[in-house]
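Engineer: coordinates for the following, if possible.
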Amino acid sequence: MGWYQSVIEKNGNYILSLDSPDIVRKPLSNQVSLIRVYKDLKNFRNRGVLFVNINRTAFRNTYKEILKEDREQIIF
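Structural biologist: As a prediction, the model looks like this:
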């Protein structure tokens, strides 16, 4: 099953992909991709696919900063 069918079956929930090797023509390097169906808020029909790429270094640096703080943290 391809990524598109997988994201459609998630019905608005997301898929996370590392480097998206089977999604994009040229695999991304050091990227985390969040992919989900974008729905119309009036009738909840599928309107498109949202594909957000974030560099892994950004996650790593954010996590390092959180660990430096002396308080409880919740990470999603």
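
Engineer: quick one, helices of the protein?
Structural biologist: Here the chain has its helices, by DSSP state H, at 3-9, 56-68.

Engineer: distance between the first one and the chain's centre?
Structural biologist: Chain-centre distance of helix 3-9: 13 Å, with C-alpha atoms, centre = their mean, to the nearest Å.

Engineer: run through who's touching it.
Structural biologist: Helix 3-9 is contacted from outside by Tyr14, Ile15, Ser17, Asp22, Ile23, Ile35, Arg36, Val37, Asn46, Val49, using C-beta atoms under 8 Å, 6 or more residues apart in numbering. For every residue, glycine as well, the C-beta is placed using N, CA and C.

Engineer: OK, contacts around the first one?
Structural biologist: Which is Tyr14. Counted by C-beta under 8 Å, 6+ apart, Tyr14 has contacts Val7, Leu34, Ile35, Arg36.

Engineer: circling back: wait, which of the contacts of helix 3-9 is closest to Lys64?
Structural biologist: Ser17 (23.2 Å; C-beta to C-beta).

Engineer: so what's that closest one closest to, chain neighbours aside?
Structural biologist: Nearest residue to Ser17 in three dimensions, chain neighbours excluded: Ser33, at 4.4 Å (C-beta to C-beta, 6 or more residues apart in numbering).
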